[in-house]
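# Sequence and predicted model, in that order:
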Amino acid sequence: MSGFFISFEGGEGSGKTTQIKRLNEALIVAGRKAVMTREPGGTAAAEAIRTLLLTGAGDKWGPVAETLLFQAARVEHAELIRGALANGEIVLCDRFLDSTLVYQGIGKGLGLEYIRELHRLTLGNLLPDIVLVFDIAPEEGLKRAKHRAGNETLFENMNIGFHERVREGFLSLAKARPEHYAVIDTGLGVDEVAEAVWNVIKRYMGL
């Protein structure tokens, strides 16, 4: 069996982490092995960059520096992803390139082509097979995010206009390539969202 790469995307508080766990459970029942990971992070070096990046004020980095740090973490993380895919495993990744495209490219105005070219130069064609976009109204997502533990508040501290651009950015990417993206309505209950995700993955993977 060949590997399969699934990324989970969405704004703050969209419930991605919960749904990664639920999908992993469903895949185990279906007899498939999955690797759960996250960005930035997944390896020791990338986790160190995560701590540097995500703590503190939302404007502590300029868009270029912020993007380069995210991509540096992604380069470190890529070895884990490629190894799992080579072993025929399914990779469930909490954020990948689309988050950088949307948060820095659209939200902070850096532009999409700069980020796509940076990714091509550093990681070639390493991209998810399917991107799940968890859609949530920014006000509701930020309300949920405030209840999370920890001090990773870099983007939670950004203004509502930024979060609205992030939401529209994800939806615009999904609209442009519907064969590569699936938009999940997070207004449903947790179980209903998990069922919607499972139906998408079964269709894409032929399970």
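All right, it came through fine.
# residue contacts, the spatially most central residue of the chain?
Taking C-alpha atoms, centre = their mean, the centroid of the chain lies closest to Arg95, which sits 1.6 Å from it. Neighbouring residues of Arg95 by C-beta atoms under 8 Å, 6 or more residues apart in numbering: Ser7, Phe8, Glu9, Lys16, Arg38, Glu39, Pro40. Where C-beta positions appear, they are placed from N, C-alpha and C, glycine not excepted.
# Output the lowest mean pLDDT helix or strand found in the protein.
Within the chain, no helix or strand scores below helix 138-145, which has a mean of 82 by mean pLDDT, DSSP states H and E.
# Tell me which residues of that helix come out buried.
In terms of neighbour count (16 or more other C-beta atoms under 10 Å), helix 138-145 has its buried residues at Pro138, Gly141, Leu142, Ala145.
# hang on, the earlier thing: state the distance from the residue nearest to the centre of the chain to Gly189.
Applying C-beta to C-beta, to the nearest Å, the value for Arg95 to Gly189 is 23 Å.
# swap in Ala145?
Separation of Ala145 from Gly189 (C-beta to C-beta): 19 Å.
# Surely Gly3 and Arg82 touch.
No. Taking contacts as C-beta atoms under 8 Å, Gly3 lies outside contact range of Arg82: 9.0 Å.
# out of those two, which sits in the busier spot?
Taking other C-beta atoms under 10 Å, Gly3 and Arg82 do not tie; Gly3 has more neighbours (19 against 15).
# and the more buried one, what does it touch?
So Gly3 contacts Ala84, Leu85, Ala86, Asn87, Gly88, Glu89, Ile90, Val91 (C-beta under 8 Å, 6+ apart).
# Let's have the residues you listed in a markdown table, adding secondary structure and pLDDT.
Converted to a markdown table, the contacts of Gly3 look like this (DSSP: H, G, I helix; E, B strand; the rest coil; pLDDT from 0 to 100):
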| residue | secondary structure | pLDDT |
| --- | --- | --- |
| Ala84 | helix | 96 |
| Leu85 | helix | 96 |
| Ala86 | helix | 94 |
| Asn87 | coil | 93 |
| Gly88 | coil | 93 |
| Glu89 | coil | 95 |
| Ile90 | strand | 96 |
| Val91 | strand | 98 |
